[in-house]
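Student: sequence first, predicted coordinates after that:
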Amino acid sequence: MVYPAILNSLVSPGIEFLKTAAACYLGVTLFIAGTSAIGVAISSFFNNQLAALFASIGVLIFFYIVSAPAQVMQTFGMQTGSDIVT
């Protein structure tokens, strides 16, 4: 976030995407926090580190596969569950 802020101070009209960059950094931070939380929760069930690693990766791949239909529906402009609720 430091580099876009420096560029924003150097350019006279300013950078329009500064809020977008901050949102992207926040999104990556939350993704890493969620992934770490899943890994720590699953590793508490195992004594072996490699078993916990593979189980964590398996759960994350499962979540990715479960979310794939919603991503495909959004690509083709169909309504997803969150669109129907709002």
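Tutor: That came through, no problem. Residues are numbered from 1 along each chain as shown.
Student: now the most centrally placed residue in the chain: how far from Q79?
Tutor: Nearest to the geometric centre of the chain sits F31, at 3.6 Å (Cα atoms, centre = their mean). Counting by Cβ to Cβ, to the nearest Å, the separation of F31 from Q79 is 25 Å. (C-beta placed from N, C-alpha, C; glycine too.)
Student: picking up where we left off before, in the helix or strand harbouring the residue nearest to the centre of the chain, what counts as buried?
Tutor: Assigned by DSSP states H and E, F31 belongs to helix 18-43. Using 16 or more other Cβ atoms under 10 Å as the test for burial, helix 18-43 gives 21, 38-39, 42-43.
Student: need those in JSON lines (columns: pLDDT and distance to N8).
Tutor: Shown next, in JSON lines, are those (pLDDT from 0 to 100; distance: Cβ to Cβ, whole Å):
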{"residue": "A21", "pLDDT": "79", "distance to N8": "9"}
{"residue": "I38", "pLDDT": "96", "distance to N8": "35"}
{"residue": "G39", "pLDDT": "95", "distance to N8": "35"}
{"residue": "I42", "pLDDT": "96", "distance to N8": "41"}
{"residue": "S43", "pLDDT": "95", "distance to N8": "41"}
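Student: turn these into a markdown table, columns for distance to V59.
Tutor: Converted to a markdown table, the buried residues of helix 18-43 look like this (distance: Cβ to Cβ, whole Å):
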| residue | distance to V59 |
| --- | --- |
| A21 | 30 |
| I38 | 6 |
| G39 | 9 |
| I42 | 6 |
| S43 | 11 |
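Student: retrieve the pLDDT associated with the spatially most distant residue from the centre of the chain.
Tutor: In terms of distance from the mean C-alpha position of the chain, S12 ranks first, at 32.7 Å (Cα atoms, centre = their mean). Listed pLDDT for S12 reads 76.
Student: and it, helix, strand or coil?
Tutor: Three-state call for S12 (DSSP: H, G, I helix; E, B strand; the rest coil): coil.
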